[in-house]
Each structure stands twice: as C-alpha cells, then as structure tokens.
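Chemist: Need coordinates for the following:
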Amino acid sequence: MGSTDGGAFRRMLRTLTSDVDELDARDLAEDVEESGARPAKDCACGEEVTMLGRIRSVEHCPQSAEATLKAELFDGTDGVTLVWMGRRRIPGIEAGRTMRVRGRVSVRDGKKILYNPYYEICQAQ
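Modeler: Predicted coordinates:
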C-alpha cells in the first residue's frame, strides 16, 4: 500500500510543481500517442506523416509579398512549420487550434516543414 500511495503522491507533487507549458506539452504528447499520429520528434526528411498538434503561431504575409501562410504546429515533442503556398489566409487556421495534418516532411535550416499539408481542424477537448 505504501508504494502506490508514494507514487500517487509523487505524481501529484510533480503536477503541482511543474511549469504549465511542460504540463501542456505532456498532455499534447499523450493525445498524439492515443490518436495514432506520428510524434514530430520521430519524423525525418522525406517521410509522409500524419501529425496532431496545436497551432502556436500564424504568420500572415503582407499584400506586397508572395502569397504564403505559415503556422507553427506543436505536438508536445517538437515544432513543425506548416506552409501553404498561394494562400494569404485560411479560415480557422489560428493560434490555439488543434489540427491533424498530413504531408511529406522537408527540412530547411534544421527546421521541419510541411508544404501545402492536408489539414483537419479538430474540436477542442
């Protein structure tokens, strides 16, 4: 009885003293694992993958620039840049949204990128 109580107490103490971002990342990583999506940290260049994560930021290009929309997707393990060429805005693509994306991974300047990924906006849990 003492070992399970101590384990539960340690988990509760770790939860109470952990950073909110760390807890959020852990929850996201668990959601990815449960959904069957691929963790971003395990993706390599050239692989076709399905990922699940939350949009951290969206970058809209100015009218004078080429039309591209960039968003950073974070799944609790690593960030991936999503780039839609020929689009300035996509309704529903905004920070804080959870999305499932599918595409081929590219690496540019050491960062993982999905160009023109298929996407599905997921409902908040």
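
Chemist: C-alpha from now on. contacts and neighbour counts both.
Modeler: Will do.

Chemist: Direction included, what does the longest strand belonging to the chain pair against?
Modeler: Longest strand in the chain, counting residues (DSSP state E): strand 48-60. Listed by DSSP bridges, the sheet partners of strand 48-60 and their directions read strand 68-74 (antiparallel), strand 98-108 (antiparallel).

Chemist: Rebuild those as CSV, extending it with mean neighbour count, mean pLDDT and distance to residue 91.
Modeler: Shown next, in CSV, are the strands paired with strand 48-60 (neighbours: other CA atoms under 10 Å; pLDDT from 0 to 100; distance: least, CA to CA, whole Å):
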stretch, mean neighbour count, mean pLDDT, distance to residue 91
strand 68-74, 21, 91, 11
strand 98-108, 18, 92, 13
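
Chemist: Regarding residue 41, what is its secondary structure?
Modeler: helix (DSSP: H, G, I helix; E, B strand; the rest coil).

Chemist: measure it to residue 56 for me?
Modeler: Look at residue 41 and residue 56: by CA to CA, to the nearest Å, they are 16 Å apart.
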